[in-house]
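Colleague: Pasted the sequence and its predicted model underneath.
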Amino acid sequence: MNAPPHTAAVKSTARLLHLDGLRGLAALFVAVAHFCNLFDFGLINGLAKDSLIGIEPWIAKSPLNIPFQGNIMVQIFFVLSGYVLIRAFMENSSFLGALSRRYFRLALPIFVGCLTAWLLNILRLNFAPQILTLRNSPWLGNYASLPLPRRDIGEVLSQAFYRVLFTETNTWAMDGPLWTMSIEFSSSIMLIIFCFCLKNKKIDAYIILFVLTLLTWGYYQFYVLCGSWLFLFEKKGYLHEIIPWKVFIPSCIFAVLYASQPTAKAVFVYNIFSFGERHFIEYGNPNIFCFEACDRTAFFHGFGALLILFLVNGSPFLKGYLGRFVFLGKISFPLYLLHQPLLFATAGVSLYVFKITNSWLISMAVLAPVYFGTILFFSWLMYLYVEKPAVAFSKRVGLSMDRFCERPEPV
């Protein structure tokens, strides 16, 4: 006997709550990673000279580095995007409807993120260069010391509505995380193509998706498509709703080892699980779509992210636990867009404390509640007054494009 419609809707909503929680925690840990990287880059490169306490080289080469690896959190975003976007794209009945809906869904919040970074820059509230100089840190290289963007709103519009989504380059000294947006958008286009080929019975959409997956091997878009395959396998019933322990435990081991693949030179156990120093792609060469390849560390982080989503979907305990972080899931996109500009701006507090105490540890301790309180507050405001209206507007545009495409041709 089939479940009542309202029961099915409750199950569907409950199923997505843990995904919201996972997305929200990933966004928060990106903010944590950048906070630590600004002051203590030894957590990433494993070098004692860039460390603040002294134990960072050990942490950087162990599973304890996961909270400080921003890249694994970004890979979780990509895998999640592939997993959830197919369902969303099916709601539009035309290719242009789905494409325009996705474009405005991303571009409008990105515009506010760019505008925030631009305003903070022209107000000279970017304190990152001073901290990186005092810490003698290699994080961002010369990126944080770039000249201020032109004091021209046209530059903000160009970045938000074109360059961020359609090019790989990014010149924003205070909004570095925007590099992921072109990957999100290009992957969305491929998934829209798949969804509409799926509706056309004359074309084998799965063959097209398989070919696209092969062509993106070793690039960030590859992991978005892998997330889509995970959704499709679950929908077809090829995966257990609850993962057996004999599969769950070894999958956890692999997930942890791949997710914590260190940027620093790997220790023996990592060489075993990542096949030594073998290179599966030429990381420096773009593919036929001109996508930029991920580096070797990010390559394995992607598999770690895929395994994490697989484990989360198959564990009632993890689903229940992650369901507690729905609030973070709601504000995850604004949090991701705003955290770095606000980090570089609030970092001025740590400079002031450092002048008094001459201690970076005390400076970090004082700054932490200011920084995280600021990003959570402004992310919530942006969710209410930017993202929710942007989602509603993108839906209206998508429906309008659907109706336009359905108009009969004039006789």
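Modeller: That came through, no problem. Everything numeric in this text was worked out from a predicted model, so none of it was measured.

Colleague: what helix or strand is the nearest residue to Met90 once chain neighbours are set aside on?
Modeller: Leaving out its chain neighbours, the residue that sits closest to Met90 by C-beta to C-beta, 6 or more residues apart in numbering is Cys195, at 5.7 Å. Using the backbone N, CA and C atoms, a C-beta is placed for each residue, glycine as well. Applying DSSP states H and E as the criterion places Cys195 in helix 179-199.

Colleague: what's in contact with that helix?
Modeller: 74, 77-78, 81-82, 85-86, 89-90, 95, 98-99, 102-103, 106, 110, 164-168, 170, 203-205, 208-209, 212, 216, 220-221, 224-225, 228, 289, 291 (C-beta atoms under 8 Å, 6 or more residues apart in numbering).

Colleague: What of stretch 76-83?
Modeller: 19, 22-23, 26-27, 180, 183-184, 187-188, 191, 220-221, 223-231, 302, 305-306, 308-309, 336.

Colleague: how about a cut-off of 6 Å?
Modeller: Contacts to stretch 76-83, defined as C-beta atoms under 6 Å, 6 or more residues apart in numbering, come from residues 23, 26, 220, 223-225, 227-228, 230-231, 305-306, 309.

Colleague: which of the residues in that stretch are buried?
Modeller: The neighbour-count check on stretch 76-83 (16 or more other C-beta atoms under 10 Å) flags Ile76, Phe77, Phe78, Val79, Leu80, Ser81, Gly82, Tyr83 as buried.

Colleague: what angle separates the one helix or strand Leu106 maps to from helix 179-199?
Modeller: Element membership of Leu106 [criterion: DSSP H and E] is helix 95-122. Helix 95-122 and helix 179-199 meet at an angle of 170 degrees, taking axes from the mean of the first three to the mean of the last three C-alpha atoms, to 10 degrees as the criterion.

Colleague: Now do helix 95-122: distance to the chain's middle.
Modeller: 15 Å (C-alpha atoms, centre = their mean, to the nearest Å).

Colleague: just to revisit the earlier point, dump whichever helix or strand comes after the helix holding Cys195 to CSV, restricted to CA.
Modeller: Once the chain leaves helix 179-199, the next helix or strand it forms, by DSSP H and E, is helix 205-215. Taking Å, rounded to 0.1, in the frame of the first residue of the first chain, the C-alpha atoms of helix 205-215 are listed here in CSV:
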residue,chain,number,x,y,z
ALA,A,205,21.0,10.7,-21.5
TYR,A,206,23.1,8.3,-19.4
ILE,A,207,25.6,7.8,-22.2
ILE,A,208,25.9,11.6,-22.5
LEU,A,209,26.4,12.0,-18.7
PHE,A,210,29.0,9.1,-18.7
VAL,A,211,30.9,10.8,-21.5
LEU,A,212,30.9,14.2,-19.7
THR,A,213,32.1,12.5,-16.6
LEU,A,214,35.0,10.9,-18.4
LEU,A,215,35.9,14.2,-20.1
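
Colleague: Can you give me the buried ones in the helix holding Leu106?
Modeller: Buried residues in helix 95-122 (16+ other C-beta under 10 Å): 95-118, 120-121.

Colleague: by contact count, what packs against it?
Modeller: helix 153-158, helix 179-199, helix 332-357, helix 388-405 (3 or more C-beta pairs under 6 Å, 6 or more residues apart in numbering; DSSP states H and E).

Colleague: Tell me which of these approaches Thr263 most closely.
Modeller: Across these, Thr263 has its closest neighbour in helix 179-199 (16.8 Å, C-beta to C-beta).

Colleague: tell me the average confidence for the closest one?
Modeller: In this model, helix 179-199 carries a mean pLDDT of 92.

Colleague: Please put the alpha-carbon coordinates of it into CSV.
Modeller: Extracted in CSV, the C-alpha atoms of helix 179-199 (Å, rounded to 0.1, in the frame of the first residue of the first chain):
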residue,chain,number,x,y,z
TRP,A,179,36.8,30.8,-7.8
THR,A,180,34.3,28.0,-7.2
MET,A,181,31.4,29.7,-8.9
SER,A,182,32.5,29.1,-12.5
ILE,A,183,32.8,25.4,-11.6
GLU,A,184,29.3,25.4,-10.1
PHE,A,185,27.8,27.1,-13.2
SER,A,186,29.6,25.1,-15.8
SER,A,187,28.7,21.9,-14.0
SER,A,188,25.1,23.1,-13.9
ILE,A,189,25.0,23.5,-17.7
MET,A,190,26.2,19.9,-18.1
LEU,A,191,23.5,18.6,-15.7
ILE,A,192,20.8,20.7,-17.4
ILE,A,193,21.8,19.1,-20.7
PHE,A,194,21.5,15.6,-19.1
CYS,A,195,18.1,16.4,-17.6
PHE,A,196,16.6,17.5,-20.9
CYS,A,197,18.2,14.6,-22.8
LEU,A,198,16.5,12.4,-20.2
LYS,A,199,13.2,13.8,-21.2
